[in-house]
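**Student:** Got a predicted structure here, sequence first:
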Amino acid sequence: MEQSNPSSSRSDRKTIERNRRNHMKALYSELNSLETSLPDQLDEATNYIKKLQTNLERMKEKKDSLIVGMDEKPNSSTNSGMTMMGLRSPQIEIHQNGSALEVILITGLDCQFMFNETIRVLHEEGAEIVSASFSTVVEDTVFHTIHCKVGEPALGDEAARISERLEKFVRDAN
């Protein structure tokens, strides 16, 4: 059996260790070059915040223009009403697409019962509620959206009957 030379193995270990240190040094240098200085990071953060503020302002303006457009939009199935002394006249829009029915109810905070009554009417008429949601957008205005499924359009005028009943309900509530 041949004995390995101890000086050779020591030399190999030194070479391996030197290569490891050089590799770590190179990686550290690369990491250091990727880092940005604190002032640069603060500048980037400031620019990002300014961009978010600009986007927020633009979205607020868009929301306001959409709400103004809804109040001015003439629609036979919508009762247009303006907010008077914190009270909002309820409005309803009904859209049919085949057997799907979308009911959009716009009320004030003082007319929350109308959402429940709308759901009750839809159930009485045999509509299957798929989803229902609401959101408060501006001050006292609440937007309710109800998606439901009615009988097949070829089988009758269920959607027309439901629309008439809901529109009458909202008209009578005014």
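**Tutor:** Looks like it arrived, so ask away. Since the model is a prediction, treat every value here as computed from it, not as a measurement.

**Student:** contacts, neighbours, all on C-alpha from now
**Tutor:** Noted.

**Student:** Pull up the per-residue confidence for T15.
**Tutor:** T15 carries a pLDDT score of 94 in this model.

**Student:** ok, the most centrally placed residue in the chain - contacts?
**Tutor:** Taking CA atoms, centre = their mean as the criterion, S135 is the residue nearest the geometric centre of the chain, at 11.0 Å. Going by CA atoms under 8 Å, 6 or more residues apart in numbering, S135 touches 142-144.

**Student:** all helices of the protein, in order?
**Tutor:** Residue ranges of the helices in the chain, as given by DSSP state H, are 6-34, 38-72, 113-124, 158-173.

**Student:** if we can go back for a sec, can you tell me which of the contacts of S135 are in strands?
**Tutor:** Per DSSP state E, strands hold the following members of those: 142-144.

**Student:** So which of those residues is surrounded by the most neighbours?
**Tutor:** V142 (21 neighbours; other CA atoms under 10 Å).

**Student:** My guess is that one contacts T136. True?
**Tutor:** Yes: at 4.4 Å, V142 counts as touching T136 under the criterion of CA atoms under 8 Å.

**Student:** Could I get the pLDDT score of E2?
**Tutor:** If you check E2, the pLDDT there is 48.

**Student:** Could you do E167 as well?
**Tutor:** Reading off the model, E167 has pLDDT 88.

**Student:** how much space is there between it and I129?
**Tutor:** Going from E167 to I129 by CA to CA, to the nearest Å gives 18 Å.

**Student:** what residue ranges in this protein score low on pLDDT?
**Tutor:** For the chain, the stretches flagged by pLDDT under 70 are 1-6, 36, 69-88, 152-156.

**Student:** redo that, cut-off 50
**Tutor:** 1-2, 73-86, 154-155 (pLDDT under 50).
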